[in-house]
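Novice: turn this into a model:
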Amino acid sequence: MKKRLCALMMTLILPLSACGGKGSGNEAEEALSRIRGQYLEMTGCSGHAELTADYGQRVYSYGVDFSWQREGETLLTLTAPEIVAGTVAHIAAGETALEYDGVMLETGPLNAAGLSPVDALPALLQYAREGFAAECVLEEGSSRFHVVCRDPEKDPGAGPEARLWFEPETGALLQGELSEAGVTVIQCQFSDFTMASAPEG
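Specialist: This is a model prediction of the structure:
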């Protein structure tokens, strides 16, 4: 896991925003600042994701219940398809293990950096916290806030990118996509997304 995400994470240690493009403006920039702050303060989150991984010749779809902790273990439990329901991925201390009755489950990398479906949630959360926001816009009558994160030194579609959709008021993650060279390799639809923060005082 540590090696897999190394190249991806290098693109995230950048200035946080040059939020521009269609729909940019004070309202969108304020929403970005507020939501970015929520994710930086977040100590944990949980919910459900419907995840699709596109390998070109092969497409895999999963249902995943997740519980992410900034300090400690993150658990991903597959709920679908039925043949792998109950498979649990443990993510802790920079390592990933997929366990199901002691058997490893592996579908292979989706890009040259070694991104796999089990890496999708941590990668999307990392983008939400620290990714360079190249574009941001309030969509659909302000019911969804859309952010595009990419390497500012690359042209759009030339490298890894993340597209994130949030509920503007609560900051809940609604949808996320990861792409490589203009090709979407991961799609996630989120439900019951709940954030936890450290108590004040």
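Novice: run through who's touching the lengthiest helix in the chain.
Specialist: As assigned by DSSP state H, the longest helix anywhere in the chain is helix 26-41. Helix 26-41 is contacted from outside by 16-17, 19, 125, 128-129, 133, 136-138, 145, 147, 166, 168, 171, 195, 197-198, using Cβ atoms under 8 Å, 6 or more residues apart in numbering. All C-beta spots, glycine's among them, are computed from the backbone N, C-alpha and C.
Novice: please indicate which of those residues are buried?
Specialist: For those, a burial check counting by 16 or more other Cβ atoms under 10 Å picks out 16-17, 19, 125, 128-129, 133, 136-138, 145, 147, 166, 168, 171, 195.
Novice: quick one: buried residues of stretch 191-201?
Specialist: Per 16+ other Cβ under 10 Å, stretch 191-201 contains these buried residues: 193, 195.
Novice: same check, this time on stretch 166-186
Specialist: Neighbour count says stretch 166-186 has 166, 168, 171-180, 185-186 buried, by 16+ other Cβ under 10 Å.
Novice: will you turn those residues into CSV that also has distance to residue 158?
Specialist: Shown next, in CSV, are the buried residues of stretch 166-186 (distance: Cβ to Cβ, whole Å):
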residue, distance to residue 158
166, 25
168, 29
171, 29
172, 30
173, 25
174, 26
175, 23
176, 20
177, 16
178, 15
179, 11
180, 10
185, 15
186, 18
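Novice: inside strands: which ones of these?
Specialist: Among the buried residues of stretch 166-186, DSSP state E puts 166, 173-180, 185-186 in strands.
Novice: could you list the low-confidence segments of this protein?
Specialist: Applying pLDDT under 70 to the chain flags the ranges 1-18, 20-25, 93-110, 112-114, 140, 142, 199-201.
Novice: center of it - which residue?
Specialist: Ranked by distance to the mean C-alpha position of the chain (Cα atoms, centre = their mean), the top residue is residue 124 at 1.3 Å.
Novice: isn't residue 19 right up against residue 135?
Specialist: Yes: using Cβ atoms under 8 Å, residue 19 is in contact with residue 135, at 6.7 Å.
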